[in-house]
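**Student:** predicted model and sequence below, questions to follow.
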Amino acid sequence: MLLTRKVRQAFRGQVDARAALLETGRRGWVALRRHYERLANSSLKKETAARLGPEFAGMTAADLLSHFQNRSSPGFFSGFRSAANTIAGLQEEYFPAETRALVESAHYIVSAHRWPLLGYGEIACGEKIEWLRDPVSDVHWPLEYYADLSLVHSDGGDVRVLWELNRLGHLITLARADVLTGNESFAEEFFAQVESWNNQNPAGFGPNWSCAMEVALRAMNLLAAFQSFRSSSNLTDERLRMMLTLFDRHGEYIERHLEFSFIATSNHYLTDVVGLLWLGIGLPELQRGRAWREFGLRELLREMEKQILSDGSDYESSTGYHRYVLELFLYSFILCQANSIEIADKYWQKLRLMIAYLRAYLRPDGRAPLIGDTDSGQVLPITHRRADDHGYLLGIGAVVFDEPKFKIDQRPVEELLWLLGEEGLEAYRRLDTAGIRAASSAGFADAGTYVLRHDDLYLFFNASGAGINGRGSHAHNDALSIEVSACGTSFLSDPGTYVYTSDLAQRHLFRSTGYHSTVEVDGVEQNTTEANLPFRIGNEAQPEILKWETDEARDFIAAEHYGYQRLANGRITHRRAITFDKRGRYWLIEDTLTGSGAHEFKFIFHFASELEIKNGEGRFVAARDGRTGASLIIASLDLIEQATLERRWYAPDYGARVPTEAACFALRAEAPLLVRWVLLPICLKESEDKRLELIAQLTDRAIGNRQSAI
């Protein structure tokens, strides 16, 4: 029975027979390789020198050190090149407040081993950094053979937190501060921390070698920081030997442990190949450098064809991972361009579509809806960005594609300076946004996401599937859910993710149907989940778009899902249709639940945080933003039942959560059932009495005509 379940989990989704056969063979080879690795585990801990290419293997230590301290190629991102003396002046000119904060943060890293970590704020790691200790839970991880470790702990330990610590992204802060100040204490701290990390993490042992993706991200961050510190007097021939050995060991490990599957690949495998590409470009002195570069580029482009849908969206049904994957492609393309590595135009155009998709889903306040999973992960974290902060990538894309439509802010972002240098800032300044229209309503059929927007009104409609061809690792039970923003305020929001493995109950709660603004039937999840499997979700809902129309006066979207077809007491199909009246400035939602039998229906509206929620008489619920005075009225045109306000949470970042509420209209009724809603925003400039009159008119109209217009 257990074997059958494992087979079903492994080959779930849309898998053809050939892929299943190849994958079976691959997994057998991986098991065999691990068997021999275990037998040779003592030899894995032995220090081996970096494998240098023929031109460099015979160099003396002094000559090799001189080569690295003075080389002018390969190219790298402008801000991290040791010769980029103008960066400091430009950073201070364009970002004075951020510059002071950056240097202060670097001093804290040196003096107190303290820096920001995910959504937990600044964390102090102690006088001696313990790289195998989760600094949030204080759980220590064992130094065992990587494949024998269980990554799900019942003691509160979170491997995602440990991995973030060991991605060494904070070393980018030290590198940037070094470029700005020339303070050698930052260089000394960099090399001391890398030596400490190297001594505590023998290759192949412990959680920091248990995932090739983490190895790749660590290698990329180390490579970027090393570009700044390689001209430092603190780099000795012994430290150079240590760095080269560490880079070679990382590349070798990634190459041997690629997270490839014949069934489906994800952001993990993509990160693996990007890590090899960056190592191959940045370290041609290594024997395997050229092979890594060629393999990494080939697989990077192949994965773009596979993982990025024709509308520009990532196929994992997650805006958080769309940001992450976009960083991987965008930064890699820039790095290739800096080294005259040609990439065919069709891939550049797909990259452009990815940026356009991000532009379309941003709210009017510039923040992103947190659809599906987000673990707050960043590639090359030049600055610490919150999970819903995606807009900085538009500034980079605006310059890369010379596209004024992507310039949503007149002020550039720091990443632009450090990736593209002075030329990037100047190109951004020259982009003329005069005559550029604000973002309008847009539909993305492949992603299953639709944005109904006009002026300061925004509704995000989610009809995305489980992702990865039905294999579902980062999707939530959010079919036909909505996010709503109006008058500069986010009113209805996705809850985010919170945590992965440290609390499985919370993990499932945040991705549950009941935590999203949709309809729950009989307390059942839209897609099946299993309590002990944090990265598995079924594919029962399979949302389908029925109709999409948009013009200057009106938007209309209709879709349905089939997640409740498996109910024993009468199969239910949930169809949701939304009409956006742009001139009347309101949304009309029609929820139709077809099928048979009596069911418990719950209509859920999950509010954003920091709102005043009031239950009106009967069918009304009002959410008010005390800072702006704006409100959103949610009114049922059909129900007489009063909503109950239930406690919920919102996770703005991985590991952080703030309390909020959801308005839940619950009733037991026979199917089929039709329930209609008006979502009416009220800005300060609008008369509340006149807006409420509109609800009364719509209610009268609904009572007079009980037939759905779907």
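**Tutor:** Received the coordinates, thanks. Numbers count the residues shown, from 1 in each chain.

**Student:** gap between Glu414 and Gly377?
**Tutor:** 19 Å (C-beta to C-beta, to the nearest Å). Where C-beta positions appear, they are placed from N, C-alpha and C, glycine not excepted.

**Student:** meant to ask about Leu694
**Tutor:** 44 Å.

**Student:** out of those two, name the residue with the larger neighbour count.
**Tutor:** Neighbour count, other C-beta atoms under 10 Å: between Leu694 and Gly377, Gly377 has more, with 23 against 17.

**Student:** not counting sequence-adjacent ones, nearest residue to that one?
**Tutor:** Tyr324 (5.2 Å; C-beta to C-beta, 6 or more residues apart in numbering).

**Student:** how far off centre is the strand or helix carrying that neighbour?
**Tutor:** Using DSSP states H and E, Tyr324 sits in helix 319-338. When distances are taken as C-alpha atoms, centre = their mean, to the nearest Å, helix 319-338 is centred 12 Å away from the chain's centroid.

**Student:** all strands in the stretch 351-500 of the chain, in order from the N-terminus.
**Tutor:** 442-444, 449-454, 457-462, 481-486, 489-492 (DSSP state E, counting those that start in this stretch).

**Student:** tell me which of the ones you listed lies nearest to Asn569.
**Tutor:** strand 481-486 (24.3 Å; C-beta to C-beta).

**Student:** so how many other residues sit close to the closest residue to Tyr586 other than its chain neighbours?
**Tutor:** Spatially, and ignoring its direct neighbours in sequence, Tyr586 is nearest to Leu680 (4.7 Å; C-beta to C-beta, 6+ apart). Residues lying near Leu680 (other C-beta under 10 Å) number 25.

**Student:** how about Leu680, secondary structure?
**Tutor:** What DSSP: H, G, I helix; E, B strand; the rest coil gives for Leu680 is strand.

**Student:** swap in Leu90?
**Tutor:** Going by three-state DSSP: Leu90 is helix.

**Student:** check the gap between it and Leu416 for me.
**Tutor:** From Leu90 across to Leu416, the span is 10 Å (C-beta to C-beta).

**Student:** repeat for Asn569
**Tutor:** 57 Å.

**Student:** go on, Ala291?
**Tutor:** The gap separating Ala291 from Leu416 is 32 Å, by C-beta to C-beta.

**Student:** more crowded one of those two?
**Tutor:** Leu416 (23 against 14).

**Student:** give me the residues contacting stretch 276-291.
**Tutor:** 50-53, 55-57, 67-68, 74, 76, 216, 219-220, 223, 227, 244, 247-248, 250-252, 254-255, 292-297, 300, 332, 335-336, 339, 341 (C-beta atoms under 8 Å, 6 or more residues apart in numbering).

**Student:** who does His561 form a beta bridge with?
**Tutor:** Judged by DSSP bridges, the bridge partners of His561 are His574.

**Student:** so it sits against Thr592, correct?
**Tutor:** No - using C-beta atoms under 8 Å, His561 makes no contact with Thr592, being 11.9 Å away.

**Student:** can you pull the residues that touch both of the two?
**Tutor:** With C-beta under 8 Å, 6+ apart, His561 and Thr592 have common neighbours His574.

**Student:** what about those two, which has more around it?
**Tutor:** His561 (23 against 20).

**Student:** got the contact list for that one?
**Tutor:** So, once contact is read as C-beta under 8 Å, 6+ apart, His561 ends up touching 463, 479-480, 526, 541-544, 573-574.

**Student:** any idea how far Pro412 is from it?
**Tutor:** From His561 to Pro412 the distance is 42 Å (C-beta to C-beta).

**Student:** also Glu540?
**Tutor:** On the measure of C-beta to C-beta, Glu540 and Pro412 end up 46 Å apart.

**Student:** the two: which is more packed in?
**Tutor:** Under the neighbour definition other C-beta under 10 Å, Glu540 and Pro412 were set side by side, and Pro412 has more, 24 against 20.

**Student:** so what's the backbone phi/psi at that one?
**Tutor:** Dihedral angles of Pro412 (phi, psi; degrees, to the nearest 10) stand at phi -70, psi 170.

**Student:** Arg647: what secondary structure?
**Tutor:** strand.

**Student:** that one: neighbour count?
**Tutor:** Arg647: 8 surrounding residues under other C-beta under 10 Å.

**Student:** so it touches Arg657, yeah?
**Tutor:** No - Arg647 lies out of contact with Arg657 (C-beta under 8 Å); the separation is 11.7 Å.

**Student:** so what's the most centrally placed residue in the chain up against?
**Tutor:** Most central in the chain under C-alpha atoms, centre = their mean is Gly320, positioned 2.3 Å from the mean C-alpha point. Residues near Gly320 by C-beta under 8 Å, 6+ apart: 370-377, 387, 474, 497.

**Student:** and the buried ones among those residues, selectable in PyMOL?
**Tutor:** In PyMOL syntax, the buried subset of the contacts of Gly320 is picked out as below (16 or more other C-beta atoms under 10 Å):
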select buried, resi 370+371+372+373+374+375+376+377+387+474+497
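
**Student:** farthest-separated two in the contacts of Gly320?
**Tutor:** Ile371 and Gly377 (15.7 Å).

**Student:** quick one: Leu286 from Thr245, how far?
**Tutor:** 10 Å.

**Student:** who has more neighbours, those two?
**Tutor:** Leu286 (22 against 17).

**Student:** who does the more buried one bridge with?
**Tutor:** The partner residues for Leu286, given DSSP bridges, come to Leu52.

**Student:** what's the pLDDT at the residue nearest to Gly377?
**Tutor:** At Tyr324, the model reports a pLDDT of 98.

**Student:** change the start of the numbering to 796 and stick with it
**Tutor:** New numbering, starting at 796: the last item is Tyr1119.

**Student:** what's the separation between it and Glu959?
**Tutor:** In terms of C-beta to C-beta, Tyr1119 sits 13 Å off from Glu959.

**Student:** again, but for His1271
**Tutor:** In terms of C-beta to C-beta, His1271 sits 22 Å off from Glu959.

**Student:** with Leu1468 instead?
**Tutor:** 46 Å.

**Student:** comparing these two, which residue is more hemmed in?
**Tutor:** Glu959 (29 against 18).

**Student:** would you say the more buried one is within a helix?
**Tutor:** Yes - assessed with three-state DSSP, Glu959 lies in a helix.

**Student:** what's the closest non-adjacent residue to it?
**Tutor:** Leu913 (5.5 Å).

**Student:** now do the contacts for the one you found.
**Tutor:** Leu913 touches 955-956, 959, 1170-1171, 1448-1451, counting by C-beta under 8 Å, 6+ apart.

**Student:** Ala856: which of those residues is nearest?
**Tutor:** Once C-beta to C-beta is applied, the member of these that ends up nearest Ala856 is Glu959, at 34.7 Å.

**Student:** tell me the buried residues in the longest strand belonging to the chain?
**Tutor:** Longest strand in the chain by number of residues (criterion: DSSP state E): strand 1451-1465. By neighbour count on 16+ other C-beta under 10 Å, the buried set for strand 1451-1465 is 1451-1452, 1455-1461.

**Student:** quick check: mean pLDDT of that strand?
**Tutor:** 97.

**Student:** and that strand, how far out from the chain middle?
**Tutor:** 26 Å.

**Student:** so what secondary structure elements neighbour it?
**Tutor:** Packing partners of strand 1451-1465 (3 or more C-beta pairs under 8 Å, 6 or more residues apart in numbering; DSSP states H and E): strand 1393-1401, strand 1407-1410, strand 1439-1448.

**Student:** to Leu1220, which of those strands lies closest?
**Tutor:** Between the helices and strands packed on strand 1451-1465, strand 1439-1448 lies closest to Leu1220; by C-beta to C-beta that is 28.5 Å.

**Student:** from Trp1004, how far out is Asp1032?
**Tutor:** 27 Å.

**Student:** with neighbour numbers in mind, choose between the two.
**Tutor:** Trp1004 (25 against 15).

**Student:** check contacts around the closest residue to the more buried one other than its chain neighbours.
**Tutor:** For Trp1004, ignoring the flanking residues on the chain, the nearest one in space by C-beta to C-beta, 6+ apart is Tyr941 at 4.6 Å. Taking C-beta under 8 Å, 6+ apart as the contact definition, Tyr941 lies against 999-1002, 1004-1005.
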